[in-house]
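> What shape does this take:
(chains A, B and C)
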Amino acid sequence: MARKIKHVFNRRLDIASQVNLEKPIDFYFDGKKYSGFEGDSLASALIANGVNIVGRSFKYHRPRGIMSAGAEEANAIVQLGKEPHVQPNMLATNVELYHGLVAKSVNAWPNAAFDIFAILNLAKPFFVAGFYYKVFKWPSWKFWSPLVRRLAGLGTVPKQPDPDDYDYHHAHTDILIVGAGIAGLMAALAHGKAGKKVLVVEQQNQLGGALLFEKIKIDGISALAKIAEIEAELTAMDNVTIVKRATAIGYYDDNFITISERLRHHIAPQLNSSKPRERFWHLRAKQVIIATGAIERPLVFANNDRPNIMLANAVRHYANRFGVVAAKRIFLATNNDDAYRSALDLHALGLHIVGIADVRTNPQGDLVAAVRKLGITIYAGHAIVDTSGARAVNSVSIAAINVADNHLDERQRRFNCNLVATSGGWSPVVHLHSQSGGKLRFDDGIQAFVPHKYVQNNLCIGAANGVFELGDIFAEAQQNYGIMPPKINPVLTEPILALWDLPPNIKKIRTSKRWVDLLHDVTATDVILAARENYVSVEHFKRYTTTGMALDQGKTSNVNALAILGRATGRDIPEVGTTKFRPPYSPVTLGAMAGRDNGILFSPLRDLPMHNWHADNGAEFEDYGGWNRPAYYAKSKETERQAVDREINAVRQHVGILDYSPLGKIMVQGPDAAGFLDYFYCNNVSNLKPMRARYGLMLNEDGNVIDDGVFVRLAADKYMVTTTSGGAVRFAATLEEWRQCEWPDMNVVITNITTGWACISLQGPKARKLLQKIDLSVDLAAAEFGHMEMRIGSINGVEIKIMRTSFTGELGFEIYMPRSYANAIWQMLVKAGQEFGLEPFGLEALMAMRTEKGFIHIGVDTDSTTIPGDVGFGVPAAKKKVNYIGKRSLLRPESVRKDREILVGLKVVGAASLTPGGIILASGYDNAPAPMDGRVTSSYNSPTMGHAVALGMLKDGHNRMGEIVKIYDLAGMSQAEVVKPCFFDPQGERLNV
Amino acid sequence: MQKYSVLSLARNALTHHDGWEKAWRNPDLKPSYDAVVIGGGGHGLATAYYLAKQHGYKNIALIEAGWLGGGNTGRNTTIVRSNYLYPQSADFYDFSLKLFENLSQELNFNVMLRQAGLLTLLHSRHDLEVMRRNLNAMHMNGIDAEWLSPQQVAKMAPGINMSKTARYPIAGGILQKRGGVARHDGVAWGFARAADALGVDIVQMCSVTGFDIKKGEVVGVQTSKGQIKTNKVAIAVAGHSSVLAEMAGFRLPVSSMALQACVSEPLKPLFDAAIMSGTIGAYISQSDKGEMVMGGALDAYPSYAQRGNINNIEHAIAGVLEMFPNLSRVKLMRQWAGIVDIVHDSTPIIGHTPIKGMYINCGFGTGGFKATPAGGWTLAHTLATDQPHKLIQDFTLKRFETGAFIDEMGAAGISH
Amino acid sequence: MMNINCPYCGLRSEAEYKFGGPAHLARPGPANEVSDEQWANYLFMLDNKKGVSAERWCHSHGCGQWFNMVRNTITHEILQTYKITESLDKKFGGQDGAKN
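Here you go, the predicted model:
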């Protein structure tokens, strides 16, 4: 034990605290090994080890030390952990110490203690607010920006993918209480006892908030004991849930709150943990109680950024909670009573209080009196004006100040000290309230913004509501919930006297660097410069100076800066106003926000019913519109082209089999089915005879072709319509939308059966022969079963639908069956097909064959401007009487223009093939740039034709048959003859078999 | 106008920067102007500037309901590019990019144009085919664009997910080298300062309450700071276009929707280009301060709330992590939204309105920032001459009746 | 994240719904009697109200039913949801006897 105490030097006070001196922990900072104890934060452990400089400032690379003890920290930012568990930009004040923790300072090289870029500090006179808008114009920003970029940024991006998991957690509650300080706990007790479902979230690892570091007795016991008592009482309630290490960070519409819960930040990272690293809560609460406390503001004076200049509450926080103090000789500066608590506590711990500068001329509150009684010198009516010390503060200079006249005395007194604690008052944490849409009001009594108008069902209590003193918090709880106040020693305090910046009457002070936003290196003179240049709107000044836009989002700087801006522009703070608070309250891990939505779950890819068979038979899978489909089946050493050609030849000469299950299949049934569907196709649906099928185009109201497919009339009141594989869900939703909203009186039921019903397609001259070999109950004879007809029957007793149809130009049958039978039927067909030379074929062969036939592929040959006339459906679309969707748009001037781009065939000149996406040049041009007359939409090698076949859209294509057009592609120019869009069997004779 | 230069900065450093003048004046509104520009965003400010500079207008008011650059100008993700499919769009946006390329000199204000490239990722056979058309069209339109192999993409975008088993593997990319980013505030302030120097009265916190229209012709504007006589009005109030149109008695084919964006904590440089994937539906660039600037799709319902919804931004972030898995442990710092004008064909509306003497610039959807100089240039020309500038003659309201759309959904497919 | 009261299912999170344009829009016809201007008015021109607006929404990840909703586009406050066949309340500008 004695050895350990010696090891940590006397910054670790020999007192009882919340760290466990029995359990030392080794950790590393900037490559050096240190030791702390269980219960330490990284910040408290660094302080205990005498590490003054923990980081370098953003612009000037000034040495910086720990300035706070919480989420408002602006200096102690570290890169935490080793690959792959690296975590950039963590606040040392929020990091709980664990064995083997590795932390590195950011924005410094080689380390924070000796940073080579400290040279930039010399350029301070130039690096004023917005200076970069004035320079770097020559030769260009592109020239300068690489240098600037290298200097900017804090932590570094991990080099390896994140090994950890993150979860979403969806929850509802009656009451959400944000913050488990005393105010939040009182509210939790009240609502818990009333039987409400209560959720309490606390960002720290312990309940208690400010009471974790206050030496106060409540009901005769220590504050910590009181908190433990309340925690026990709450834990015993089944309707109350307490979640620690959880921060409510976002407040959205209708009381929807996001919460970042950190489950494994406090333990050494390890691979293969079963727990997620973080949980991202989506919570809907009936009421949100915001008990988020308040944040202390630093005072603004020259060189107020040196290491060991800290917030007054932080100094006592470290001393009381962790038993550590950065140095022994302490000077305090304040404009309110709270800093006196630090003086009392630190004095009681045997530390030397050099003095207290209080800008108020005659402070008389209870705490002040107590301090006076101890013989500590109070310099009333004084303020710190400057400090010195290269690597940590070693002296302060104070001067008499007249706040009312905004005047500073010339005479200064200097005091040696090595720790400075300042308090410029407290700002309620109103972030969530502001995010909820609630308004703020500037309260003159506490000189801070407080919640004003509530828009959603929420309530701010305690310090978050500007109620700071414990007695007042109990009184507030009594008023809100009727809770009898516990007994405490009442403390009478006096009001704050706002001091936002030092008076400007002394030039040396006026031109000094007085930091306002430590993290972004913004000084009071920057704010004043912004005002001088008329960036006086709060948003302009914020953006021009970058105040409040750093990692801490201005938690300690915003109010000070607004006040300085107000003074510089002759306005008071309410007139200046404040910017809106944006989520998140504190930074949240991107991985947590993505949850499990990564990899395949980011956008699930659907497998085919026969997926395993395809995989076993050499399929090369690709993502086609969200379906994982075989592009082709490669045999041994085949190239893609060889495989596709083989598959095409098999279909053209024998028979091919295709897993066509993604084909959209929608049942439309009911007495009004025929009339209803007539609204959706530009050709006639209702005159179709039962068991007959027809190909049709579906339009949107703008007249554009959105999908195509065959529809079948199964009975007078029953249709099955098919769509492209990517369009099934969309078209079913479109049918449903119009049925419900435009024709609610039509008696129709729409059912999307796409995934429930598989489809196997057999294409090729031997398709019939193959099917005649199996146990199929349908007469397939050409005379009995014509092209574009359907039959219902069975295969081996399984009820199926079979349609004679073709997208290849060959004799073809599509068999529809419940998905669960598809595999067995597929394998039976494959086996039966052996003697006919059957081959499975993939999407690429299919695409090549439909291109040989000139059949369009929606979204490839068409785009969002294509109308029926462009793809050969002009006549039926014009003739159809029904006021179908899109009909009126086909009458617009643009739709009836004679020279529209229409579908054509393109026969390449020479041996080369065309590239889809090639652009057809306007006549008279030889190369890019040039006006565009059209484009190549589909192009495939055709083993059938012995040359490439291509489709395209060409301006005035009807009148250009036989013309040789020039086609631009990145890879080079080509030429093609414009032909009719059908290369193979134009008469369709191969279907008549 | 006080000149900004290294010299003037050094000189002012000696006097503790006491000598800098106001970037723009705070004039009182006069009772009558030759032209009134409504909207102090980038487009409105550029309109006022070019009216004064190119067309010699000496008596212009620019009125802004809030503060300059406070709408979408100050909320967008600052991407500039001209990689459009149709020649009308390409000509317009490339003209804008060319104005951008000289803007810092023109305005004597560093707008921090950084042409580090705009990289569009391609993930599948379908992407390669569809985007080949876009690339070839860019070449036909005279726009620079390069086709990148997966290896070239990997080189430009360190950390990008090159795994073959990724949900969206990298199949290639299209690079517009002249694309990149510029500083949004710099553009607004640069135009404001230069316009002010040419005598434009910029009046902030001045909202329009109505128009005086006689026989279909505008004769005045009523504002919260008094009435203005004028017979030339230019409206550039993206997000609120319909509100102004309603005051003037016409409707627009515009829907106001929230577009979200977010930034991460500042990080040391990872890559220089702006990188987007239409298939994944997300985009990312790294700012000069080191923040990752990210965004995705629209919140697809009307809103004037200027705040976003959580599930949409979560999806955009998940998309970014599909591209850059190593960013998973990086933290989000701030999330916000702007209200954008969504139109049917993702092409803006610039030019005449049904009211004589009243001209509008609206409908830029999610990508108006890159058009700031050209939007101002062409609207100023149209107002000054009463003839549509040739770059915008197809960007009319009339196209919604004729059907002559310029459908740039592909080029604008994701939102920035 | 609005909490939307589906007339069929009750309160559900916005994530379950999709927006579908303005409510109570009459589709003009027959096609050859509608002018280009009337058609553009129906198809593209919008009130795009800043404030209270009647909209069509669908509980797409729920019951699949379309319904109407009166909503404030500034605050996102939902003032009323009602079935697609019901008419707009008079207090929001609906007319007597108006259907759809």
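> Poorly predicted segments of the chain, please.
You didn't pick a chain, so chain A it is. A:1-9 (pLDDT under 70).
> wrong chain, I was asking about chain C
Checking chain C against pLDDT under 70 turns up C:96-100.
> go again using 50 as the cut-off
Where chain C drops to pLDDT under 50, the residues are C:97-100.
> who in it is up against chain A?
C:1-3, C:13-14, C:20, C:27-32, C:34, C:36, C:39, C:43, C:56, C:58, C:60, C:64-66, C:75-76, C:84-85 (Cβ under 8 Å from any Cβ of the partner chain). C-beta coordinates here come from the backbone N, C-alpha and C atoms, glycine included.
> what are the bridge partners for A:Ile657, then?
Assessed by DSSP bridges, A:Ile657 has beta-bridge partners A:Leu762, A:Pro840.
> go on, A:Val324?
Beta-bridge partners of A:Val324, as defined by DSSP bridges: A:Arg12.
> could you list every residue that touches it?
Each residue near A:Val324 by Cβ atoms under 8 Å, 6 or more residues apart in numbering or on different chains is listed here: A:Arg11, A:Arg12, A:Leu13, A:Ser44, A:Ala45, A:Ile47, A:Ala48, A:Tyr318.
> how much space between the most far-flung residue of chain C relative to its centre and C:Asn3?
Distance from the centre of chain C peaks at C:Asn32, with 27.2 Å (Cα atoms, centre = their mean). Look at C:Asn32 and C:Asn3: by Cβ to Cβ, to the nearest Å, they are 46 Å apart.
> A:Asp985 too?
Taking Cβ to Cβ, one finds A:Asp985 at 60 Å from C:Asn3.
> Near the closest residue to B:Asn12 other than its chain neighbours, how many other residues are there?
Distance criterion Cβ to Cβ, 6 or more residues apart in numbering or on different chains; nearest residue to B:Asn12, sequence neighbours excluded, is B:Gly19 at 5.1 Å. Close neighbours of B:Gly19, defined as other Cβ atoms under 10 Å in any protein chain shown, add up to 12.
> And for the residue in the stretch 51-200 of chain B that chain A sits nearest to, nearest residue in space, chain neighbours not counted?
Residue of the stretch 51-200 of chain B nearest chain A, by Cβ to the nearest Cβ: B:Arg132 (2.9 Å). Nearest-residue entry for B:Arg132: A:Gly917, 2.9 Å, with adjacent residues in sequence omitted and distances by Cβ to Cβ, 6+ apart.
> what does A:Gln456 give?
Nearest one to A:Gln456, counting by Cβ to Cβ, 6+ apart, is A:Ser436 at 4.7 Å.
> mind checking how far that neighbour is from chain B?
A:Ser436 is 10 Å from chain B, where distance means Cβ to the nearest Cβ, to the nearest Å.
> Could you do A:Phe841 as well?
Taken as Cβ to the nearest Cβ, the span from A:Phe841 to chain B is 16 Å.
> Grab the nearest non-local neighbour of that residue.
Nearest one to A:Phe841, counting by Cβ to Cβ, 6+ apart, is A:Glu647 at 3.8 Å.
> And the one you found, which helix or strand is it part of?
Assessed by DSSP states H and E, A:Glu647 sits inside helix A:640-653.
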